[in-house]
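Student: what's the 3D shape of this:
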Amino acid sequence: MRRPLPLLGRALVLAALVAFLARPELFRPLLAPLCDPGQPAIYERAALWSLTLSHLSTVAIAISAATVVGVGLAVLATRPIGTEFLPLSRSIVNIGQTFPPVAVLALAVPVVGFGEEPTLIALFLYGLLPIFENALTGLSRLPPEVVDAAKGMGMTEAQRLWKIEAPLALPVIIEGVRLSAVIALGTATIGSTVAAKGLGEVIAGLLSNNLAFVVQGGVVVAVVAVTLYDALSGLERLLARRAGLVVRAVA
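Tutor: Model (predicted):
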């Protein structure tokens, strides 16, 4: 009986977020006390729903690219022909953790210019490591008896990868994607410093000493992050149940 309460609470928060993005002026009385007299309480330089979609689009593109590269490197490193590339793969994915996102932006702007591209590069590099390490863990810690059974059934290496290994490793891979995506949602706010569209524009109200802007931008990012976290957690649990079915089917 306790489980529906958090779910109901989160549903109400999500509904409030949708209402705020659609009609932010309705929330003006709540935000007005947070700003000085004469300052606007609602960010009006751009539509909040448009900035939210741009923010999500940037994160989705960067994390999708990081997933393709991270999982691809993990698959290569767990094949007999690619084991010697594991140290090189780790060096590649660690680049994003070596340089802070702000430093990546500073290095990328002279090359690709201002806008969304520098932010995409920073988020891509920063999201590689969790995805790669989780994919590597998922693919290298498969039940030996299941792999042996698949070999005994005459499956080729490619068939074992797509029909057995990938479904079993997918829940762990999604866990890495979830971690990278949630981190990227917050990190993407720095994109406003290089003229990238997103919720960072709203949070930049800190520079103008407008607390109302900071609160509304921060709350939107937080609620979206929690919603994404819950959605990917649910997908992870679903895939884990299906992975159990695969194990029983092969065994």
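
Student: Could you pull out the buried residues of the helix or strand where Val102 lies?
Tutor: With elements taken from DSSP states H and E, the one containing Val102 is helix 101-112. For helix 101-112, burial by neighbour count (16 or more other Cβ atoms under 10 Å) applies to Pro101, Val104, Leu105, Ala108, Val109. In short, each C-beta sits where N, CA and C put it, glycine included.

Student: could those be laid out in a markdown table, adding pLDDT?
Tutor: What follows is these, written out as a markdown table (pLDDT from 0 to 100):
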| residue | pLDDT |
| --- | --- |
| Pro101 | 83 |
| Val104 | 87 |
| Leu105 | 87 |
| Ala108 | 88 |
| Val109 | 86 |
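
Student: Name the nearest of these relative to Ile92.
Tutor: Of all those, the one sitting nearest Ile92 is Val104; the distance, using Cβ to Cβ, is 14.5 Å.

Student: Ranking helices and strands of the chain by mean pLDDT, which lands last?
Tutor: Comparing helices and strands within the chain by mean pLDDT, DSSP states H and E singles out helix 144-152 as the least confident, with a mean of 79.

Student: How far off centre is that helix?
Tutor: Its chain's C-alpha centre lies 33 Å from the corresponding centre of helix 144-152 when counted by Cα atoms, centre = their mean, to the nearest Å.

Student: which helices and strands sit right next to the strand or helix carrying Val182?
Tutor: Element membership for Val182 (DSSP H and E) is helix 166-187. Of the remaining helices and strands, those touching helix 166-187 by 3 or more Cβ pairs under 8 Å, 6 or more residues apart in numbering; DSSP states H and E are helix 48-77, helix 116-140, helix 211-250.
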